[in-house]
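[1] Predicted model, plus sequence, below.
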Amino acid sequence: MRFCPFAERTILVLLTKNIPFNVVNINLKKKPDWFQEKTWGTVSVVKYKGEYIMESLVNSDFVDELEPATALHPLDPLEKAMGRLLVEKFGKMRAPYYGVLMAKGDNAEEVTKKRLEMFTEVRKPLFLWTRSSRIKEASSSPVILLG
């Protein structure tokens, strides 16, 4: 699937850690047999040494731990826990943001007005991804920025 916020999480971690990778886009409406047999049928998936690691948060952590010298998680357990809580909080915001994107109206002006009203209700501070970003930004930003 192209432009998937869940796959984006993992891609951001891979890029930040300079780990080479290949992307295989999956048509989620017509999933290949191999994909359904070897995975949970959702994206993102990382294949490593013949094993499939599903779920973007899990495989992002996995990728992070492959190169411990450049860890994206903070070393402090409290700071790490607070970052994970922030990721969970943003994860719960997906539905309201999707509602903004799918707003309907009789004309373009009405749709724009509805979207602005809805966005004002659900907006929160956004993270911008940088090379110094940590795992919480990688896990949160795509969900907010891409939908």
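    Yep, it's here.
[2] so the residue of the chain positioned farthest from its centre, which of the three states?
    Ranked by distance from the centre of the chain (Cα atoms, centre = their mean), the top residue is residue 106, with 32.5 Å. With DSSP: H, G, I helix; E, B strand; the rest coil as the basis, residue 106 sits in coil.
[3] swap in residue 25?
    Reduced to three states by three-state DSSP, residue 25 is coil.
[4] Now stretch 22-30: buried residues?
    residue 26 (16 or more other Cβ atoms under 10 Å). Quick note: C-beta positions are derived from backbone N, CA and C, even for glycine.
[5] Go ahead and measure how far that stretch is from the middle of the chain.
    Distance of stretch 22-30 from the chain centroid (Cα atoms, centre = their mean, to the nearest Å) equals 16 Å.
[6] can you give me phi and psi for residue 53?
    Backbone torsions of residue 53, given as degrees, to the nearest 10, read phi -110, psi 110.
[7] got any ranges where the chain has weak pLDDT?
    1-3, 93-101, 118-147 (pLDDT under 70).
[8] for it, what spans make up the helices?
    For the chain, helices defined by DSSP state H occupy the ranges 5-16, 33-38, 56-66, 77-91, 94-101, 108-122, 135-146.
[9] buried ones in the fourth one?
    Put plainly, it is helix 77-91. Of the residues in helix 77-91, those buried (16+ other Cβ under 10 Å) are 80, 83, 84, 86, 87, 90.
[10] And it, what does it pack against?
    Helices and strands touching helix 77-91, by 3 or more Cβ pairs under 8 Å, 6 or more residues apart in numbering; DSSP states H and E, are helix 135-146.
[11] Could you tell me the phi and psi values at residue 55?
    Dihedral angles for residue 55 - degrees, to the nearest 10 - are phi 70, psi 120.
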